[in-house]
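1. what shape does this take:
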Amino acid sequence: MLTHDELKLFDLLICQPRHGYRYSLDPLLLARFCPQIPVDRKIIDLGAGCGIISLVLARINQNASVVAVENNPDMAALVERNILHNGLADRVTVHEGDVLDLREKYPDSTFDLVVSNPPFRTAGSGKVSPKAGRDTARHETTARLADFIAAAKYLVKPSGRICLIQLPSRLPELTVLAAGMKLSVLRLRMIHNNALSPVSMFMVELAKGRRTAPVVEAPLFVRDLNGEYTDEVWR
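-> As a prediction, this is how the structure comes out:
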């Protein structure tokens, strides 16, 4: 069973499972964190889910083409449905397949922006969801964080960018992986539930072939101390 959820800011209507994995605020924050790319450039979304990031980025980058990569056949079909329903079939396409197999599909250095909201937890860690679809979206199955980053490095142009969102507990792992793959951390932004809460997530922008000191941006607070969304999140 599906729901049809309106995202007025981007003029989108998103179909998603009523009881399976449903998108949250995370992909919207990540899409806004991504740099806008020049006209007629290429974007790829690794682990697209229902296609929310792909569709939002297609709206933000009006002339870009977007590939949504999704391994789950049911979710890949849902991405296709959302693309057609929102009139974006001329610029957004679906690739049903595993992140591990993308080298067989695309030449290296093909994309200007690689974005991913990958599974947050390693296999066997954290709570297991009783709802179908949620656990595979939250926990690594065939591809690990290292595989997502390696695929992103292969796919992105030297002048391009890689943007990801992850749990703070995985920041040390990510920085070690990036350094080992000769990827530079350009920007890092921490996300807090409110001004008194610890970091709940972080967003990072990476690039290959560059050496530069990272810019640690001001933290993003999702809610104020009254529990309401902050002005930045509303925007």
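
2. who are the contact partners of Leu167?
-> Leu167 makes contacts with 120-121, 200-202, as judged by Cβ atoms under 8 Å, 6 or more residues apart in numbering. For glycine as for every other residue, the C-beta is placed from the backbone atoms N, C-alpha and C.

3. max pairwise distance over the residues you listed: which two?
-> Arg121 and Phe202 (14.9 Å; Cβ to Cβ).

4. who has more neighbours, the two?
-> Phe202 (20 against 16; other Cβ atoms under 10 Å).

5. wasn't the more buried one part of a helix?
-> No. Phe202: not assigned to a helix; according to DSSP: H, G, I helix; E, B strand; the rest coil it is strand.

6. how near is it to Ala143?
-> Separation of Phe202 from Ala143 (Cβ to Cβ, to the nearest Å): 20 Å.

7. tell me which element the nearest residue to Ile37 once chain neighbours are set aside falls in.
-> Spatial nearest neighbour of Ile37, chain neighbours left out: Asp112 (4.9 Å); criterion: Cβ to Cβ, 6 or more residues apart in numbering. For Asp112, the element it lies in under DSSP states H and E is strand 111-116.

8. so what touches that strand?
-> Here strand 111-116 makes contact (Cβ under 8 Å, 6+ apart) with 30-31, 34-35, 37-38, 41-47, 53, 57, 64, 67, 148, 151-152, 155-157, 159-164.

9. now swap in stretch 169-182 and tell me
-> 120, 145-146, 149-150, 153, 164, 166, 184-185, 202, 204, 206, 208-209.

10. what ranges do the strands span in the chain?
-> With DSSP state E, the ranges of strands along the chain come out as 2-7, 12-17, 42-46, 65-70, 92-96, 111-116, 156-166, 183-192, 199-208, 215-216, 220-221.
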